[in-house]
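A.B. asks: mind looking at a prediction? Sequence and model below.
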Amino acid sequence: MLTITGPLSEDFWCQDTTARKMRRFLRPGHDPVRERLKRDLFQFNKTVEHGFPHQPSALGYSPFLRLMAIGTRSGAIKLYGAPGVEFMGLHEENNTVMQIHFIPDQCQLVTLLDDNSLHLWSLKQHNEASELREEHRFTLKGPPGSPPSATQITAVLPHSSREVLYLGTESGNIFVVELPSFRVLEDRTITSEAVLQRVQEDYSNRRSCELVEALQEHPKNPDQILIGYSRGLIVLWDLQNNKVTHHFLGSQQLENLYWQRDGSKFISCHYDGSYTQWPVSSDNRQPEPLENLVPYGPFPCKAISKIYWQTTKNGLPYIIFQGGMPRASYGDRHSISVVHGSQQTAFDFTSRVIDFFIIFSSEPTAEFDDPSAMVVLAEEELVVIDLKTAGWPAVHPPYLASLHCSAITCSHHVSNIPLKLWERIISAGSKQNIHYSNMPWPIDGGTNIAPDPPQRDLLLTGHEDGTVRFWDASGVCLHLLYKLSTVRVFLTDADPNDNMNTLGEDEWPPLRKVGTFDPYSDDPRLGIQKIYLCKYSGYLAVAGTAGQVLVMELNDEDAEHVVDHAEADLLQDQEGYRWKGHEKLKTRDGPVRFEAGFQPFVLVQCQPPAVVTSLALHSEWKLVAFGTSHGFGLFDHQQKRLVFVKCTLHPSDQLALEGPLSRVKSLKKSLRQSFRRIRRSRVSSRKRRGGSGNASEEMELAPVQRKIEARSAEDSFTGFVRTLYFADTFLRDSSRHCPSLWAGTNGGTVYAFCLRVPPAERRMDEPVRAEQAKEIQLMHRAPVVGILVLDGRSTPLPEPLEVAHDLSKSPDMQGSHQLLVVSEEQFKVFTLPKVSSKLKLKLTALEGCRVRKVTVANFGSCKTDDYSENDLAVLTNLGDIQIISLPFLKLQIRYPCIRKEDVSGIASCVFTKYGQGFYLISPSEFERFSLSTKWLVEPRCVVDMPEVTSNNLVHKSGMENAVRKSRGSGRSLGDYGEDERKSGRLMEHALLNDEKVLKEIQSTLEGGRGSYAERNLARSPLGHGLSNGGAD
Amino acid sequence: EFRRFSLERSKPGKFEEFYGLLQHVHKIPNVDVLVGYTDIHGDLLPINNDDNYHKAVSTANPLLRIFIQRKEDADYSAFGTDTMTRKKNVLSNVLRPDNHKKKPHIVISMPQDFRPVSSIIDVDILPETHRRVRLYKYGTDKPLGFYIRDGSSVRVTPHGLEKVPGIFISRLVPGGLAQSTGLLAVNDEVLEVNGIEVSGKSLDQVTDMMIANSRNLIITVRPANQRNNVVRNSRTSGSSGQSTESSLPSSMPNILANFLQGEEESDEEDIIIEDSGEPQQIPKATPTSESLESLTQIELLHEPTQNGFLPSSEMNLHHSAGSISMEYEIQDPDHKSLEEDGTIITL
């Protein structure tokens, strides 16, 4: 022991730590040139959310703007118009959005949250693009001492004068607030007492204070509003004279009201599943109902919660209502019925209907409603029904796709798809979509001014039900192109005919299933775990939960053929083990019919049938490699022959051997142990309680403990194959390169196999041979998550066929190659062919984070076209994204991206080759982000105020305070003029942009990758607030 | 038998050469011997490698007394701290080893057969309340054997005392490495892991950092029990390992360099099996044709010059509080430092 005399001190300690901090601070990039370049290369943005909003709670539509708004339980509000027109906002409170109402003829909307607060949002133009901003917030306050229900808002009516909002409350009072100031106009409050004054004494629903269920403005006379109370009373209120003009004494609990277009009748719907038509005429102030109907009677029915009455030219109205199904037998259905003359269909939705609206002719001059489409927001998907086409087919939505119609199990992104393959996929997909309507997308407000996407990108998602979905991920709208099912290859328990519960013509109610959301998988073994698509050859490899590996080829025609079947015994000669997991999938004998698209021709089944954990396809060598928790294998899909298998299992690893079932057992065991521990600690804490109070308090909390233990070779799942990689490199000696296969395991082992692939002319005659050349054991034993070979210029080796298609420089085979092994904890560069360690970056030791995802990404400079570099994009278990340079492994930049608690978000992240990425923010939504200054896909759109027709003005001037109104309109007219000018300029700009795009596309075609730098330079940084999808 | 000869102090050469020279001088070319010397404190210390040989030469003041024993009848217990003072006359011990047989000592083999298990390091630069402990986990079966938890500790901040979250040792596994060292205890607060502060890091992050460094784990703790702290101002404490009374370090950079070197020190190297042959360690790719050996040599030669042959600045940065025999091993730059010193990295 060393003893130091003299003043020992914090000073040394401080010096020491500061010096170390300095050193660490100075370590990365002190070079100003590099720092500047980094600014030109890297930039982090969350750009757009793809998919369907999680837990939608409200729907709104503006026929004027032709925009739809969806609110969610987390307080997000999203506006959608024409494809590419998207806005997003987030309420600070993160409360559920209960109602959304657009202010008539304005770029404004009001939201009601479940905390009873109202929020005014507007679409404002900023930097030539529109942005959604919250302008005001307001909470209705009653007089002191009044119960909270007095001001609990139940119904909102934005008046067509755009100056006031009518707020119906639980107490039955209707408050009037001025817009946009949200000033309460107390003298105009409509109290329930005032309403009830002239109601007959004997009316049964008279006395109680009722909540306001519905508020509707008279379609022709803005001075009259229809008020519906929940107990059944409906009154027509005159705003000018502040009195009731008509009483409609309903006897049933009210759900909703709807005016007919001419204002001569309205319709009310009720809790008992009935709807009633009421006449409105000046001669009868207390009319009797015209018609009262229970559409699905006579047995008790569920409530009809919303109803539309739409007039048509031919006289037969469309009556569209939500619910009303017979309680006993169909009470669990989520239905909307459309009745048109003798036609009646009850659309049966896959999840609860949140709300719906009808798109009809909103021209004030038009005599009839002439509904064109019905838009239904269900909890898990958006369904649009074409009401113009016979049979009422569904319309294929260009956005808001239900990504989770079966749970997403994996995803794979392929950048820059060749046009040929793109067209073939689209044509295969269009054959699947014939049952959709041809109607153009009816919600078409706003203008997309974003530049055309620079390249065609595909996002492939694998699903639990054995399907792979191909999404167009080039632009803002994630659009389903094609759906591939692997189920047909296998015999599953569920007979497809069982699902065909099509009802006969005369079935009642006339239910029709619509929507694609179907989260129930027939057989979890069908789940897709790994996908690999070769964009040049059109070969696709797909691997699943039960050890199945399918190799497919794109075929433009339907075909019937036999799928070649092989088995790969990964345990080889290891005897005496018993797999306790699921059985392998049974295959269909004989030829199978496949529709046009990707058709499987080879099936390899791993034995034991454990989940496939890694997959690689080399389309040039026609080889596919696959790995499970037991080992890996190589299959020659040209000769349809298994080349070799390698067992990576540690003999003592029982858990991996026996499969998931035994894991459950051990989980039970560990649970039991931890319970015991808790009990023990309780006992000991009780004992200690006599002592110091603090200690027992601490013990009471039973803090989470973490065991610190070095990993050993005996740990479980060390044989789990995490990554597979094909490379043409120098494996044995530095004079000859050869094809090689690399595999990395959970236990930090890297295996390298030297392959001998016969030349093309003898490809079918000679077998592919493989021989193990190297085995590297990383002493830190962390799972290997990535393997990469860098060529003599330190550039990652190109993908198979990339060079053959002239899309990449051929790799440098002169200089010496390097091997990059990425484990969860470290990045290591080794020399080849003699493996000696060259460089390393110990990420975990320094920062305590672990690598979850890693990809090579190409970053181009936004300043110069001719500079681009390859770096590693890394996602850590803390949700940070780091960019690490190649080949020197220097940390370039770090961005926080995903919350570290969001394990599924981190697990779902997929990077693109050009520095963008996707991760799931909910089961149904991908967040798109970009790390690149150059490649950025984000919504950029404008919403112009459409011209208000003169008729509308005339109609308004009919009001008593015409002077004020016309002044108001005059002002807005002026605004329109300005807007028009602006929009004209914008259009011009958009066209110019298009031209530029065209030119750039041309230049791309002529030479190399084009640049979109200028456009991105012009792009303003996203505001901190709630601009286009910029909020996070 | 006594022999007296001279050596050039600035060029002591290698231990092998020195050993050969001794054998030559004593005319015992084929006899295995143990070489020892007395240092300035009167301790009998062994010379069995380049490092302690250089140390011996550099501390000679001006004479270096060397003792040679036949290996077969060597008295290992003669070596160690305080040996010369404790046993009034070490010469008699050395010359008459049969004396010892009457009161047999526990036989401890020579240091090179030992491996360090743990050490307290950087005592000189840390505040007294902190302890930096190094745990050595070479392929042994012994588990590291401890658990950590979240907790809160009190810090002095500009705003007075503040409660801040901290990481604490929550449990020691009986028989584990951590417990066997006696240097870590339950409720010790973990401040740093291999030189990286843990404040602001989550329990999982710290766990990952410790596991990532598990082969050469250096943790700085604030012991829960502050009574065992080394009181540096006096020699009154009964600490067993006290041998060196040294002044303040003469040069900070030296210490820093040394500490950082320790930080950079890598874990054991990865293993490669080529063509199903024998597993071997993966060598470092070197920048020049210089061999690893010559690199090590440069480093070894470097140290004496830094210390400037000043006996007063002679101090061992890796002094351990543990058993005596350990100390040498830590200094021992035998083949281990050849593998471990990852300071020179080629870009």
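C.D. replies: Arrived safely, thanks for sending. Only a predicted model underlies this, so the values are computations on that prediction, with no experimental measurement involved.

A.B. asks: how about the residues of the stretch 1-150 of chain B that lie near chain A?
C.D. replies: Proximity of the stretch 1-150 of chain B to chain A, by C-beta under 8 Å from any C-beta of the partner chain, involves residues B:120, B:123-128, B:130, B:137, B:143-150. Using the backbone N, CA and C atoms, a C-beta is placed for each residue, glycine as well.

A.B. asks: distance of the nearest residue to A:L458 once chain neighbours are set aside from chain B?
C.D. replies: In this structure, A:L458 finds its nearest non-sequential neighbour in A:V414, 4.7 Å apart by C-beta to C-beta, 6 or more residues apart in numbering or on different chains. Per C-beta to the nearest C-beta, to the nearest Å, A:V414 is found 32 Å from chain B.

A.B. asks: and A:V414, what does it touch?
C.D. replies: Counting by C-beta atoms under 8 Å, 6 or more residues apart in numbering or on different chains, A:V414 touches A:457-458, A:460, A:533, A:535.

A.B. asks: can you do 10 Å?
C.D. replies: Residues near A:V414 by C-beta atoms under 10 Å, 6 or more residues apart in numbering or on different chains: A:421, A:456-460, A:470, A:473, A:531-535, A:799, A:912-913.

A.B. asks: pLDDT at it, what is it?
C.D. replies: On pLDDT, A:V414 comes in at 95.

A.B. asks: most neighbours out of the contacts of A:V414, which is it?
C.D. replies: A:A473 (29 neighbours; other C-beta atoms under 10 Å in any protein chain shown).

A.B. asks: A:L480 versus that residue, what's the distance?
C.D. replies: A:A473 is 11 Å from A:L480, where distance means C-beta to C-beta, to the nearest Å.

A.B. asks: before we move on, the earlier item: just the ones of the contacts of A:V414 in strands?
C.D. replies: Among the contacts of A:V414, the ones falling in strands (DSSP state E) are A:458-460, A:470, A:531-533.

A.B. asks: now those in CSV, with pLDDT?
C.D. replies: As requested, the ones in strands among the contacts of A:V414 are arranged in CSV below (pLDDT from 0 to 100):
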residue, pLDDT
A:L458, 95
A:L459, 95
A:L460, 96
A:F470, 96
A:I531, 96
A:Y532, 96
A:L533, 95
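
A.B. asks: low-confidence stretches in the chain?
C.D. replies: Looking at chain A here, since you left the chain open. A:1-30, A:200-209, A:493-506, A:573-576, A:652-703, A:946-1032 (pLDDT under 70).

A.B. asks: look at chain B instead
C.D. replies: B:72-116, B:138-141, B:229-268, B:276, B:286-347.

A.B. asks: helices of chain B, residue ranges please.
C.D. replies: Listed in chain order, the helices of chain B (DSSP state H) span B:15-26, B:50-59, B:83-86, B:90-95, B:177-181, B:203-212, B:252-264, B:292-307, B:324-331, B:335-340.

A.B. asks: chain A too?
C.D. replies: For chain A, the helices defined by DSSP H occupy A:10-26, A:32-41, A:192-196, A:327-330, A:419-432, A:654-658, A:660-688, A:693-700, A:843-847, A:903-908, A:950-957, A:962-1006, A:1013-1018.

A.B. asks: which residues in the stretch 801-950 of chain A form strands?
C.D. replies: Secondary structure of the stretch 801-950 of chain A by DSSP state E, counting those that start in this stretch: the strands cover A:818-823, A:826-831, A:837-842, A:851-860, A:868-876, A:880-885, A:891-896, A:910-911, A:916-922, A:925-932, A:941-942.

A.B. asks: grab the nearest non-local neighbour of B:G175.
C.D. replies: Closest to B:G175 by C-beta to C-beta, 6+ apart is B:G145, at 7.0 Å.

A.B. asks: same deal with B:V35?
C.D. replies: Once flanking residues are discounted, B:V35 sits nearest to B:I47: 4.3 Å by C-beta to C-beta, 6+ apart.

A.B. asks: again with A:G71
C.D. replies: A:V97 is the one closest to A:G71 (C-beta to C-beta, 6+ apart), at 2.6 Å.

A.B. asks: would you mind measuring from the one you found to A:S117?
C.D. replies: 11 Å.

A.B. asks: those two: which is more packed in?
C.D. replies: A:V97 (25 against 16).

A.B. asks: that one touches A:D114, doesn't it?
C.D. replies: Yes. Using C-beta atoms under 10 Å, A:V97 is in contact with A:D114, at 8.0 Å.
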